Structures are given as C-alpha cells and as structure tokens.
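K.L.:
here is a sequence together with a model predicted from it:
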Amino acid sequence: MSLPKSSTEFEPILPDATIGVLGSGQLGRMFAIAARRLGYRVHTFSPDSDTPTGQVADREVTASYDDLAAVREFASQVSVVTFEFENVPAATAEAAGALVPVRPSGQVLHITQHRLREKTFLSESGFPVTPFRRVTSLAELRGALSEFGTPAILKTAGWGYDGKGQVRINRVDEAANAWGRLATDEAVLEAFVDFAAEASVVAVRGRGGECVSFPMIENSHSHHILDLSVCPARVPAQVQQEGEALARRVLEALDVVGVLCVEYFVRRDGRLLINELAPRPHNSGHLTIDACLSCQFEQQVRSICGLPLGSVEQVRPAAMANLLGDLWFPRSPNWVAAFQDPRVKLHLYGKAEARPGRKMGHLTALADTVEEAVAQAQAARQRLGE
Ligand code: AMP
C-alpha cells in the first residue's frame, strides 16, 4: 500500500491559538496541560461530559462522533485538530479535515485503528512484524493454526486495546471455542512470540520531516494491561538503535506529523518485531513528563503546530507504575502514604468512577538507576493499599 505524500510544510500555529482534541481521556488531559502551559487554548470533543480532558480544557463539547454537524462546528472553532485515541470514525476525521488540518492525518488514523490494515501495511512496507494470517471462518482459523502451531493468539481485526478482543489458543482443539468467544467475522491469528522483553519507542515527526525519538522504554504487562515502564530500557545499545531507526522509518512511511509510539517484542536473539502502533502519545511514554526535557505531550503540541521539536534528553533514569481501578477496592487509596517518598510523582486523571482494570493514574519515580526507580515506584504503589 502506498500513501499519497501530503505537504509537510505549513505555517506555524502560534500560542494563543486553539487546538481541538478528538477524545477526552487521560491522554487528552495530559496533552491539554502541556498545550496550556505553552499558552494554547484547548477544546475537546467526545460523547461524554466531565471528562479527564474536559476538566482541564477551555471547552468541552459533548456529542457523538457520528454527529458530523457537531464535528464541523467544533472544527470551525479551532486552528488544528488532533486526537487522543485512534478509534475515532474515519468520517469524523474527514469532516474535521475538510475545515482545518488534522494531525496526524485521517489516513494514519485509518491504518492504525485496524489491526489487520496496520499489520498488512507494515509487512508490505518491509517492517518486521509478528507472523499473522487473516481469518474469517473457523476453517481458516484451523488452517492458520496448522501453519503456526500453538500457542497462538487470535485477535479481532478491528477495534481492540489493552488485550481486549484477543484470545490465546493453547491447543488446536480450542479453536472452535476461541472463534466463538471472539464473536467476529474478521480476525487475525498471530504466532505466539516467546519474547525476552517488551519495549516501545515514542517518536515525533515535525512539519519538515524532522524526527526525534525518546530513549527506548521497557514495558511489563499484567493481564495484558501495561503495569510498569522503565527508561532507559535494559537492552543492548544495538537494540536501542534498531528500535529508534525502525520507529523513524515507520513515521516516514506513514508520513506522520505528530507523535507515534511503536511497541516491540524483543526476541531472545535481540531482534525486534513490531507488535503495534499508536499514532499518539502512549501510556509507556508518561514517564517523559517528569524525566525528559520536553515530554511526549509537549512534542505533540510542537509537532502538530509546526513548531521546532523539543529536546528528548532524559534527565534521570525513571520508572512509571500504572494505578488501575482495582486499587480503589475495598477502600480508596491511602494518598498520604503514597506521598511519603518525596521523589515519587503522582498523576491522577480525574475519573469519577473507579473500575477494575481502568487506568486511573500513574506514579513516576526518578533515581540514579532504573532499578532504584522501579523499587521506589513499586513501594509507593504498595503503600496506596495500606
Ligand atoms: P496487544 O493488545 O496486541 O498489544 O496485546 C497486549 C499484550 O498481549 C502484549 O503487550 C503482549 O504482552 C501480549 N501479546 C499480544 N500478542 C502477542 C503475541 N503474538 N505473542 C506473545 N504475546 C502477545
């Protein structure tokens, strides 16, 4: 698949202008905080009200993404539109794009919001991806399983995040059950990767095609949800370089103006496979707020506004621990105890209702070594439950 090259040159959008954000979760909130610090105004659009983004935005528009008249009205009030989650319908981005620039473009959104399209794009462009097959029936699933063997992972072709919409198949005779559980007519079967580590690179591409990337981040997941991120990743220098080089090539191949995160599996032989792309700041990059000169959200503001990119220099080793809604049960977290370590920073997203598995906030610790930072972040999280 080849992409039409859009013009990457445009007049900068200067502070005091208004930026529109499609979506209203924590990513939009941290983006809005960075944008306001730089003197921009922020409007947010989503079907919800009193949202994490809306609480810190200048204006919160509550309407369905399918309400294209509301989308047009929203777009007419801003200088540029960006998004904070990629499951915005293509028609929404298109309606906004007819009035103001949408960055990254609707085309990037279209590819990355659909697992099968994304994987097809990556493999056809020569990037290393986990072996996969398109599956539209139980018979095709059985065929793909006989090719890959077990274990294997069956994922919905479309919408999915944090492990939602995926089933692990351990034995061939589980195929019918897995196909039934996914309840979809189009899926992707992936070979199971026996990885040494998971890692990500958050990269930024500016209006003239210039590119910077943060140091590689090492990630561990619990129940398919990101649990802990550390930076710099404990990988050989050559893996780090390879990850940054691949990320840069992905941004160029997609002609991204904005931030994009590449999630990797690091194989036992040190080679990288791309697991997933996120065309926006990413949970694993939250530690850049406290650990780097210009965080991922400031970089998003700078890039989509056509300003020079900021420095990605990391000041100190860092660790980030996610705070999921589970911590709110059986009683609210012990905030005072979490604040006991003066080196640990708390970020809460303003979500009214805690639910198990819901991302409510995170803790970041900075230290002389990654190991110390991990110990501090984990100890602070532990104290929340005391
Ligand atoms: P995803 O939502 O596709 O990023 O998957 C969430 C998590 O599930 C990943 O971060 C991995 O920990 C695990 N996972 C997904 N796909 C695979 C695979 N093909 N092999 C091994 N683990 C996987």
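P.N.:
Sure thing, it's come through. Quantities reported herein were computed from a predicted structural model and do not represent experimental measurements.
K.L.:
all strands of the stretch 101-250 of the chain, in order?
P.N.:
Along the stretch 101-250 of the chain, counting by DSSP state E, counting those that start in this stretch, strands occupy 132-135, 152-156, 166-169, 187-191, 197-205, 211-213, 217-222, 225-231.
K.L.:
tell me the most buried of those?
P.N.:
Counting by mean count of other Cβ atoms under 10 Å, strand 197-205 has the highest mean neighbour count of the strands of the stretch 101-250 of the chain, with a mean of 26. For the C-beta atoms, the positions are set from N, CA and C on the backbone; glycine is no exception.
K.L.:
which neighbours does it have in its sheet, and in what orientation?
P.N.:
Looking at strand 197-205 with DSSP bridges, its partner strands are strand 211-213 (antiparallel), strand 217-222 (antiparallel), strand 258-266 (antiparallel).
K.L.:
up against the ligand, what does the stretch 51-200 of the chain have?
P.N.:
Residues of the stretch 51-200 of the chain that fall close to the ligand, judged by Cβ under 6 Å from any ligand atom: 130, 153, 163, 190, 192-193, 198.
K.L.:
looking at these, which has the smallest pLDDT value?
P.N.:
Comparing pLDDT over those, the lowest score belongs to residue 163 (62).
K.L.:
what comes up buried for stretch 351-363?
P.N.:
Within stretch 351-363, the residues that count as buried by 16 or more other Cβ atoms under 10 Å are 351, 354, 358-363.
K.L.:
how about residues contacting the worst-scoring helix or strand of the chain on mean pLDDT?
P.N.:
The helix or strand of the chain with the lowest confidence, counting by mean pLDDT, DSSP states H and E, is helix 335-338 at a mean of 91. The contact list for helix 335-338 (Cβ atoms under 8 Å, 6 or more residues apart in numbering) reads 344, 346, 363, 380-381, 383-384, 386.
K.L.:
so which of these comes closest to residue 53?
P.N.:
Using Cβ to Cβ, residue 346 is the member of the contacts of helix 335-338 that sits closest to residue 53, with 18.8 Å.
K.L.:
and the closest one, its phi and psi?
P.N.:
For residue 346, the backbone dihedrals (degrees, to the nearest 10) come out as phi -100, psi 130.
K.L.:
hmm, it is touching residue 361, no?
P.N.:
Yes: using Cβ atoms under 8 Å, residue 346 is in contact with residue 361, at 6.8 Å.
K.L.:
burial count for residue 193?
P.N.:
Counted with other Cβ atoms under 10 Å, the neighbours of residue 193 add up to 16.
K.L.:
could you do residue 117 as well?
P.N.:
By other Cβ under 10 Å, 15 other residues sit near residue 117.
K.L.:
distance to the ligand and secondary structure added to the contacts of helix 335-338, as TSV?
P.N.:
Shown next, in TSV, are the contacts of helix 335-338 (distance: Cβ to the nearest ligand atom, whole Å; DSSP: H, G, I helix; E, B strand; the rest coil):
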residue	distance to the ligand	secondary structure
344	25	strand
346	25	strand
363	20	strand
380	24	helix
381	20	helix
383	27	helix
384	24	helix
386	29	coil
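K.L.:
most surrounded residue in those?
P.N.:
For the contacts of helix 335-338, the largest number of neighbours (other Cβ under 10 Å) sits with residue 363, at 26 neighbours.
K.L.:
how close does that one sit to residue 14?
P.N.:
From residue 363 across to residue 14, the span is 35 Å (Cβ to Cβ, to the nearest Å).
K.L.:
what's the closest non-adjacent residue to residue 117?
P.N.:
Among residues not flanking residue 117 along the chain, residue 111 sits closest, at 5.1 Å (Cβ to Cβ, 6 or more residues apart in numbering).
K.L.:
same question for residue 104.
P.N.:
residue 258 (4.2 Å).
K.L.:
please report the distance of the residue in the chain sticking out farthest from the centre from the ligand.
P.N.:
Computed with Cα atoms, centre = their mean, the residue of the chain farthest from its C-alpha average is residue 173, at 34.3 Å. From residue 173 across to the ligand, the span is 20 Å (Cβ to the nearest ligand atom, to the nearest Å).
K.L.:
what pLDDT does the model give that residue?
P.N.:
Looking at residue 173, its pLDDT is 95.
K.L.:
how about it, what does it touch?
P.N.:
Contacts of residue 173 (Cβ under 8 Å, 6+ apart): none.
K.L.:
if we can go back for a sec, next, the buried residues of the least confident helix or strand of the chain.
P.N.:
Buried, per 16+ other Cβ under 10 Å, within helix 335-338: residue 338.
K.L.:
going forward can the numbers begin at 24, since that is how I track them
P.N.:
Okay, residue one is now 24; in that scheme the one you just asked about reads as helix 358-361.
K.L.:
tell me the SS of the residue lying closest to residue 96 once chain neighbours are set aside?
P.N.:
Ranked by Cβ to Cβ, 6+ apart and with sequence neighbours excluded, the top spatial neighbour of residue 96 is residue 84, at 8.0 Å. What DSSP: H, G, I helix; E, B strand; the rest coil gives for residue 84 is strand.
K.L.:
run a quick neighbour tally on residue 84.
P.N.:
Around residue 84 there are 21 other residues, counting by other Cβ under 10 Å.
K.L.:
from memory it sits against residue 70, does it?
P.N.:
No: contact status for residue 84 versus residue 70: not in contact, 10.0 Å apart, counting by Cβ under 8 Å.
K.L.:
bridged to the residue nearest to residue 127, which residues?
P.N.:
With DSSP bridges as the rule, residue 281 is bridged to residue 228.
K.L.:
which residues of this protein fall in helices?
P.N.:
Secondary structure of the chain (DSSP state H): helices at 49-60, 91-99, 113-120, 129-135, 138-147, 161-171, 198-205, 260-277, 311-314, 319-327, 358-361, 393-407.
K.L.:
residue 338 is nearest to which of these?
P.N.:
Nearest to residue 338 among these is helix 311-314 (6.0 Å), distances taken as Cβ to Cβ.
K.L.:
so can I have a markdown table of the strands paired with strand 220-228 showing mean pLDDT?
P.N.:
Listed next are these as a markdown table, based on pLDDT from 0 to 100:
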| stretch | mean pLDDT |
| --- | --- |
| strand 234-236 | 98 |
| strand 240-245 | 97 |
| strand 281-289 | 98 |
